[in-house]
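> build me a structure from this.
(3 chains)
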Amino acid sequence: MSSVIDGFAVVLEPANLLYCLVGVVIGMLIGVLPGLGPAATIAILLPLTFGLEPVTAVIMLAGIFYGAQYGGTVTSVLLRLPGEASSVVTVFDGHALARQGRAGAALGIAAIGSFVGGTLSIVALTLVAPIVAGFALDFGPPEYTVLALLGIMLVSTISSGGRIRALTAAAVGLLLATVGRDDFTSAERFTFGNLSLADGIDFVPIAMGLFGLGEILYNLEERHRAVQAPTRVTNVWPSRADLRQSSGAIGRGSVIGFVLGILPGGGAVLSSMAAYALEKRRSKHPERFGRGAIEGVAAPETANNAAATSSFIPLLSLGIPANATMAVIFGALLIQGVTPGPQLVTEHPELFWGVVNSMYLGNVLLLIMSIPLLGVFVRILRVRAAVLAPITVLITLVGAYTVNNSVFDIGLVIGFGVLGYLMKKAGFDPGPMVLAFVLGTLLETSLRRSLLLFDDDLTGFLTRPISGTLAVAFLAVILLPLARTLLHRRHPSEPSVPAGGGTESSVPAGGADSSAPVGGADSSVPAGGADSSVPAGGADSSAPVGGADSSVPAGGGADSSVPAAGHAYPFDSAGGEAESSVSAAVRQDGSDSAVGASSGGGFGGRASRQRAAIGDPEAVDPAGTPSGAASDRVTESPRRDNKAEEAE
Amino acid sequence: MTTEPVDDRPPAAGPSTNLIAAVVVIALGGAAVAGAAALGSGPGTWPMIVGVALVLLGLILALQARRAEPPERFTRSSLLVVAAVASMIAYVAVIATIGFEIPTALLAFVWLRFLGRESLRTSIAVSLGIVVVFYALFVGALDVTIPHLF
Amino acid sequence: MTVLVGYLPTPEGEAAFAAALDEAARRCEPLLLINSPRGGAPVSTDVAAPDHLAALLAKAADAGVALEIRQNSHAGEFSDILLATADEAGASVIVIGLRRRSPVGKLFLGSTAQQILLNADRPILAVKPPHR
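Here you go, the predicted model:
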């Protein structure tokens, strides 16, 4: 208990206070801006963390992460443009409320919900993390091997572009991790005689290149994004009735967010969708959803902040990053000389508790600052991408140099930036690659030690209780989707398409930070919504957003993707249910279809790849107009009538 | 009649691009296997496993090439990316010798004016502004060791 | 043949619209309105909100003029877009609103109106908002 108190003392040090504030503000900013997402931003700012204490660094980076969850809400509500993938669901009711002139209420309830969700999640984290860490002290090489494999597999399952591509990216990441001197035998691997590679590839250039630069380059191709008039936010606070109505949603959202956030593969995006679906399902008047139901904003926003917080648990207590953003923070800690793992709580209690307690503070700051900063955010949104791009690029390049004072590093960043760009073009999510790279050394070392332990007998994994269970889970994650494909082939009548109007709305999420969540709250295997750190539109892939286009056949077999009209990119439902409970929940409604939001762009992926197939034509207008550029609206005056107004 | 925020992403490419990607993966896997074999039993085991996995995955990708999601096509605006990368390579090449100020200003100007199609005035103003801010921040406040002229 | 007006939700834009409406009525031609924000940012003050446009349509209907509105965003210079549209739509006259700019302001911020005036190949009607 005393360490908890000590943790607060750490937080209240001026430097930490300052960097917490900085992190939260930066987080909100990039959440608002389509383009860069948390993972990419954190990657770009890695060089900045060198001069900081480990605690301070993580406090700031954490602030960026959960701050971004809030920022994404602003544009969702005001502009119908989700800044992060986890805010896609907020668009439905949030923007409807804005159109009714109640944007302030929506934003206010989102802030409150985020605060409550985040705080409850932190409390739970405070209790759970040390327990998990204590439990994990018994972990040996076999456990870590399977855990790492499971983590990679789960994240790949949720990634955009489909599982095979994500696994490919992960495999390349593992390969990259082998470059350098082998720990066991000191043999040089894949260094091609280059001295700079003898110590292996540095994590920082990979992260900065794949996420940061890759995202920037990817965004360069964007043209003529449609523009909106700046909206004025009048009433700034939710009414008492609003609060009463949302209280249940907030409570449930917190729980959902906390649980789904912990699971590798789970995450903010999945949580927001699951919470929304749950609220809608248990509501007595589900038809209100999509039209300005305040719970429709409270639930997802609470859940995504709760999840963002709880996704720190695997990292801080096990040393296993649950998604790409966590992977980058993992790398940041390694750079600082701190190895995250079960011993972190005991060996570096001030770090652990300092970070955890900073989240309390960060959430308070978020709540306080969100409203005053609204005006600033809308102004920021007016800055053209053409102006932001060179600034971000230069920060990246200069930062890359400062890592080792080497021009070679900048070259590496550029090289990986090109790779990241090509990957995104080809539909590969860079997130799993970074995650696998970070875990690669751990995985290999654990595997080799395990084999030594078992005398090269692979079945040894099953003899130990923990590794055995995890190994079974691992196999389940691989095999279940295959089983489902086979089953599905035999029952093609299963409507795999979220019917509903089958209208497709493209809700481009700038810089999504998650790939499409699938599976949903009921899967026993957390397949689905991996917060495979997709920073969006923006970088990071985003955006995100990132726009991950997971192919998920909602409710169908693994690959028989029948998109809901147009190009709704179906989700890849990894293991688990035949129907993502998300889609099921929403689908059971008469008018609505499953939310086939393919969100999550790769880490830092652009949200532009996000297309939410939303079947409720009244809630959200099918933005995917056949003419493509929705900005091309031609209206004729003689036929002017209400239709024009509604056809938003 | 609100203009909706829709992105004009480049159109989809044909399935052949998927095939190319698959071939690249297989080739990479093959190279990894070859390299791993050269390394021998201890250090080479893991790269071998990964290499084999890559080849397998590449094969699956090739098989799925037709059905899978088409990647994006390279359009005229992709040339922007090429130009951007070229500018960055040039930046790296000169920064060590002439300091960061001039290359930064030039890079920013190129990106603003040619990639971003901003007006001349804006391009010049923002470029100079960036250099000033960077100088104040990196050399002044943070005292970071980048090569600088002034 | 149509009357073309470049519109912004500003007093200058309103003045231009009013003048353009008169002109279109006088010539018995339809009116084409361009409200084109600079692309690249999610939000821009140049964009006219939907209810704004609805009001414009109402005014046009009252005056008996057929109004067509285009809201594509553009990259690069607005003058280029305006003149290109004038060509494509066969505009008989282009109506623009003039902003008061001091000579120094023009030096630093440029003048779209000046570019339009210098490069146009058809009549231009330049309007100032009523003096307050």
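
> which residues of chain C lie near chain B?
C:40, C:42, C:47, C:49-50, C:53-54, C:69, C:71, C:73, C:75-77, C:108-110 (Cβ under 8 Å from any Cβ of the partner chain). All C-beta spots, glycine's among them, are computed from the backbone N, C-alpha and C.

> make it 6 Å
Within chain C, the positions near chain B by Cβ under 6 Å from any Cβ of the partner chain are C:50, C:53, C:71, C:75, C:76, C:110.

> neighbours of the third one, just the number please.
Residue C:71 has 25 neighbouring residues, counting by other Cβ atoms under 10 Å in any protein chain shown.

> now do the strand or helix carrying residue B:23: which elements does it pack against?
Applying DSSP states H and E as the criterion places residue B:23 in helix B:15-39. Under the contact definition 3 or more Cβ pairs under 6 Å, 6 or more residues apart in numbering or on different chains; DSSP states H and E, helix B:15-39 sits against helix B:42-64.

> tell me which element the residue in the stretch 251-400 of chain A that chain B sits nearest to is part of?
Closest contact between the stretch 251-400 of chain A and chain B, by Cβ to the nearest Cβ, is at residue A:386 (2.6 Å). Using DSSP H and E, residue A:386 maps to helix A:385-404.

> mind checking the backbone torsions on the residue nearest in space to the middle of chain B?
By Cα atoms, centre = their mean, chain B has its centre lying nearest to residue B:85, at 7.0 Å. With angles defined as degrees, to the nearest 10, residue B:85 sits at phi -60, psi -40.

> pull the longest helix from chain A.
helix A:103-136 (DSSP state H).

> check contacts around the residue of the stretch 251-400 of chain A closest to chain B.
B:116, B:118, C:40 (Cβ atoms under 6 Å, 6 or more residues apart in numbering or on different chains).

> okay, domains of chain B per the record?
Domain assignment for chain B by automatic domain parsing gives B:1-74, B:78-141.

> pLDDT of the first one, averaged?
Read it as domain B:1-74. Taken as a whole, domain B:1-74 has an average pLDDT of 78.

> ok, stretch A:320-334 next?
88.

> can you give me the buried ones in it?
Within stretch A:320-334, the residues that count as buried by 16 or more other Cβ atoms under 10 Å in any protein chain shown are A:320-333.

> do stretch C:78-94 as well
Here stretch C:78-94 shows C:78, C:79, C:81, C:82, C:83, C:85, C:86, C:89, C:91, C:92, C:93, C:94 as buried, counting by 16+ other Cβ under 10 Å.

> could you do stretch B:109-128 as well?
Buried, per 16+ other Cβ under 10 Å, within stretch B:109-128: B:109-113, B:115-118, B:122-124, B:126-127.

> near chain C, from the residues you listed?
Applying Cβ under 6 Å from any Cβ to those, those adjacent to chain C are residue B:117.

> near chain A, which residues of chain C?
C:37, C:39-45, C:47, C:49, C:57, C:60-61, C:66-69, C:71-73.

> out of the residues of chain C next to chain B, which are buried?
By 16+ other Cβ under 10 Å, the residues of chain C next to chain B give C:50, C:53, C:71, C:75, C:110 as buried.

> in these, find the pair that's most separated.
C:50 and C:110 (29.6 Å; Cβ to Cβ).

> now the helix holding residue A:386: mean pLDDT?
Mean predicted confidence for helix A:385-404 is 87.

> how far off helix B:15-39 does the next helix or strand along the chain from that helix point, in degrees?
Counting by DSSP H and E, the element after helix A:385-404 in chain order, helix or strand, is helix A:407-426. Per axes from the mean of the first three to the mean of the last three Cα atoms, to 10 degrees, the angle that helix A:407-426 makes with helix B:15-39 is 140 degrees.

> OK, contacts around the residue nearest to the centre of chain B?
residue A:418.

> stretch A:450-464: end-to-end distance?
Taking Cα to Cα, to the nearest Å, stretch A:450-464 runs 11 Å from one end to the other.

> contacts for stretch A:132-146?
With Cβ under 6 Å, 6+ apart as the criterion, stretch A:132-146 contacts A:317-318, A:342, A:345, A:446-447, A:449-450, A:461, A:464, A:466-467, A:470-471, A:474.

> revised request: answer the last question for stretch C:124-132.
C:11, C:12, C:15, C:16, C:19, C:93, C:94, C:95, C:96, C:97, C:98, C:117.

> just put these in TSV and tack on pLDDT and secondary structure.
Shown next, in TSV, are the contacts of stretch C:124-132 (pLDDT from 0 to 100; DSSP: H, G, I helix; E, B strand; the rest coil):
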residue	pLDDT	secondary structure
C:11	89	helix
C:12	89	helix
C:15	91	helix
C:16	92	helix
C:19	93	helix
C:93	94	strand
C:94	94	strand
C:95	93	strand
C:96	91	strand
C:97	89	strand
C:98	86	coil
C:117	89	helix
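
> can I get the buried part of the residues you listed as one PyMOL selection?
The following PyMOL line selects those of the contacts of stretch C:124-132 that are buried, judged by 16+ other Cβ under 10 Å:
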select buried, chain C and resi 12+15+16+19+93+94+95+96+97+98
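
> in chain C, what residue spans correspond to strands?
C:2-6, C:31-34, C:67-70, C:91-97, C:124-127 (DSSP state E).

> and of these, who's closest to residue A:311?
Here strand C:67-70 is closest among these (Cβ to Cβ), at 45.4 Å.

> just list what the closest one packs against, helices and strands only.
By 3+ Cβ pairs under 6 Å, 6+ apart, strand C:67-70 packs against strand C:31-34, helix C:50-63.
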